[in-house]
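Engineer: sequence and computational prediction follow.
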Amino acid sequence: MYDTSSMGTFRESVRISPLSNGSDGEVVDAIVDSGAAYTWIPAPLLEKLGVSPGGTRKLKLADGRIIEKQSGVVRIALRGQTGPTWVIFGDPDGRGYMGADLYGMYPPPSLPLKGGGVTGKGASP
């Protein structure tokens, strides 16, 4: 379900689970950020689910800062489809952000994609 009443943003519920075990995972109410290249999930939730970092990524934030964050692979269920995707280990007190990686793979049927696609920028935490 998504909420289009906010100014230019909406929320999407996604189920996040680890690839490595049969856990059902947890549902995250994520803010869709079509300007973000990656999906960000709070690190404590990923750790609780048993998701291990598989590396780090350098990301350019909307304000121009370059940061380095851990990343890992999870299974995401969204709109009846399930598949693996990379996620960024987000700030402990942050929200979930669904980036262009998932938004592009699973666009809402009533909200077509606009613009030039992935910019390579990270979400603003």
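Structural biologist: Here it is on my side, so go on.
Engineer: low pLDDT regions in the protein?
Structural biologist: The model of the chain has pLDDT under 70 over residues 1-9, 100-125.
Engineer: can you map out the helices along this structure?
Structural biologist: Counting by DSSP state H, the chain has helices at residues 43-48, 100-105.
Engineer: so who does the most centrally placed residue in the chain touch?
Structural biologist: In the chain, the residue lying closest to the centroid (CA atoms, centre = their mean) is Thr39, at 2.0 Å. Thr39 makes contact with Ala30, Ile76, Thr85, Trp86, Val87, Ile88, Gly96, Tyr97, Met98, Gly99, Asp101, Leu102, according to CB atoms under 8 Å, 6 or more residues apart in numbering. C-beta here means a position set from N, CA and C on the backbone, and glycine is covered the same way.
Engineer: now Lys69
Structural biologist: Thr56, Arg57, Leu59, Ile88, Phe89, Gly90, Gly122.
Engineer: which of those ranks first by neighbour count?
Structural biologist: Neighbour counts for the contacts of Lys69 peak at Ile88, which has 28 neighbours (criterion: other CB atoms under 10 Å).
Engineer: wouldn't that one be in contact with Val73 here?
Structural biologist: No: judged on CB atoms under 8 Å, Ile88 makes no contact with Val73 at a distance of 11.5 Å.
Engineer: can you report how many residues neighbour Arg79?
Structural biologist: The burial count for Arg79: 15, using other CB under 10 Å.
Engineer: list the contacts for Phe20?
Structural biologist: One thing to correct before we go on: residue 20 is Ser, not Phe. Counted by CB under 8 Å, 6+ apart, Ser20 has contacts Gly50, Val51, Ser52.
Engineer: any of those residues buried? List them.
Structural biologist: For the contacts of Ser20, a neighbour count by 16 or more other CB atoms under 10 Å gives the buried set as Val51.
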